[in-house]
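Asks: Mind folding the following:
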Amino acid sequence: MERIAAVLGVPASYFYEADDMTADLLVAFHALPKVAKVRLLESVKKGA
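Replies: Next comes the predicted model:
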């Protein structure tokens, strides 16, 4: 599954997520640069 995910440019976890909205979030988060991922995660943890 990892190879297919790499070819498609999505995280492998995308294929196992039952909820469409969460799957979309996984793809969007995967596409972000690391700095943006860190900032977003910090923001979510703060409840913003």
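
Asks: For the closest residue to Glu2 other than its chain neighbours, give its distance to Phe29.
Replies: Computed as Cβ to Cβ, 6 or more residues apart in numbering, the closest residue to Glu2 that is not its neighbour in sequence is Ala12, at 5.2 Å. In this view, the C-beta of every residue, glycine as well, is placed from N, C-alpha and C. To Phe29, Ala12 is 13 Å away according to Cβ to Cβ, to the nearest Å.

Asks: Check Asp19 too.
Replies: Asp19 is 14 Å from Phe29, by Cβ to Cβ.

Asks: What's the local residue count around Glu2?
Replies: 8 (other Cβ atoms under 10 Å).

Asks: what pLDDT does it get?
Replies: Note for Glu2: predicted pLDDT of 92.

Asks: Could you verify my assumption that it touches Ser13?
Replies: No. Proximity of Glu2 to Ser13 does not meet the contact threshold set by Cβ atoms under 8 Å, at 10.5 Å.

Asks: okay, now Tyr14: neighbour count?
Replies: 19.

Asks: Phe29 is in contact with that one, correct?
Replies: No. In this structure, Tyr14 is not within contact of Phe29 by Cβ under 8 Å, at 10.3 Å.
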